[in-house]
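Trainee: Quick one: sequence and predicted model below, then my questions.
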Amino acid sequence: MTAIRQEKLSDFDAREALLDRAYGPSRFTKTSQRLREDRLAAAGLSFVATDKGQIIGSVRLWDVCAGPGKAALLLGPLAVAPEHRSKGLGGRLMKHAIAAARMRGHGAILLVGDAPYYQRFGFSTQKTGSLWMPGAYEQHRLLGIELQAGALDGARGLIGATGRLAPKPDLHELVAAAQRAVKSPTSRAA
């Protein structure tokens with residue numbers, strides 16, 4: 001039985017492995033990734049799909065601005081394990097994420113994707129024509145949906161990252177951990 005639940009910190013490795021399988025190394029070169037780097041996903045808006053305890057799908061939403069003074073979310077990546085595609089799981093993840101964002105009071109969601117797929121969830125280019133991304137992308141793939149009427153009215157300008165920065169690891173602790181890992185029990189001073 002497939003279930004969708006809130007992502008947990010312990011899901012990190014499995015989610016990253018899923019994204020690697022779904023998108024390969026090119027996922028790190030996408031313009032949307034520039035907006036996610038060094039950031040935490042929007043509070044309460046990271047979800048995974050599981051089957052028999054294994055993560056088989058993932059979707060996250062990120063805080064961005066849709067030009068100056070226009071708060072929005074950026075959806076992505078949406079990923080489903082190759083062997084579970086074409087079974088409606090991506091659609092279920094999308095509906096879950098959109099509903100959760102609406103319940104949390106967010107006004108709009110943006111994404112870069114294929115219009116024929118995302119139109120069925122209400123996404124369009126209707127209010128994204130005056131927005132642009134910080135890097136290479138195809139304008140006709142920049143889509144948006146308003147969760148609150150008028151949330152994207154007048155949206156114009158660069159889509160920028162906002163929200164919470166990811167905590168930086170303590171460099172001293174990383175060095176100490178690496179030193180402990182390479183020390184063998186026989187080389188320790190008595």
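Mentor: Cool, the structure landed.
Trainee: By residue count, tell me the biggest strand in this protein.
Mentor: With DSSP state E applied, the strand covering the greatest number of residues in the chain is identified as strand 54-66.
Trainee: which ones are touching A100?
Mentor: A100 makes contact with 44-45, 47, according to C-beta atoms under 8 Å, 6 or more residues apart in numbering. Heads up, the C-betas are built off the backbone N, CA and C, glycines and all.
Trainee: Next SSE downstream of the longest strand of the chain?
Mentor: Stepping forward along the backbone from strand 54-66, the first helix or strand reached (DSSP states H and E) is strand 71-75.
Trainee: Now do the buried residues in that next one.
Mentor: Of all the residues in strand 71-75, those buried under the rule 16 or more other C-beta atoms under 10 Å are 72-75.
Trainee: Equivalent analysis for stretch 148-167, please.
Mentor: For stretch 148-167, the buried set under the neighbour-count rule, 16+ other C-beta under 10 Å, comprises 151-152, 155, 159, 161, 163.
Trainee: same question, stretch 117-132
Mentor: 118, 121, 123, 127-128, 131-132.
Trainee: okay, the buried residues of strand 71-75 in TSV with distance to L111 and pLDDT next?
Mentor: Putting the buried residues of strand 71-75 into TSV (distance: C-beta to C-beta, whole Å; pLDDT from 0 to 100) gives the following:
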residue	distance to L111	pLDDT
A72	10	98
L73	9	98
L74	7	97
L75	4	97
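Trainee: now those as JSON lines including distance to L40?
Mentor: Written out in JSON lines, the entries for those read as follows (distance: C-beta to C-beta, whole Å):
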{"residue": "A72", "distance to L40": "16"}
{"residue": "L73", "distance to L40": "13"}
{"residue": "L74", "distance to L40": "13"}
{"residue": "L75", "distance to L40": "15"}
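Trainee: Buried residues in the longest strand of the chain, which are they?
Mentor: Neighbour count says strand 54-66 has 55-66 buried, by 16+ other C-beta under 10 Å.
Trainee: Helix or strand: which one has T128?
Mentor: Taking DSSP H and E as the definition, one finds T128 inside no helix or strand.
Trainee: What's the separation between it and D38?
Mentor: Distance of T128 to D38, given as C-beta to C-beta, to the nearest Å: 25 Å.
Trainee: Beyond the longest helix belonging to the chain, next helix or strand please.
Mentor: When the chain is parsed with DSSP state H, its longest helix is helix 89-103. Counting by DSSP H and E, the element after helix 89-103 in chain order, helix or strand, is strand 108-112.
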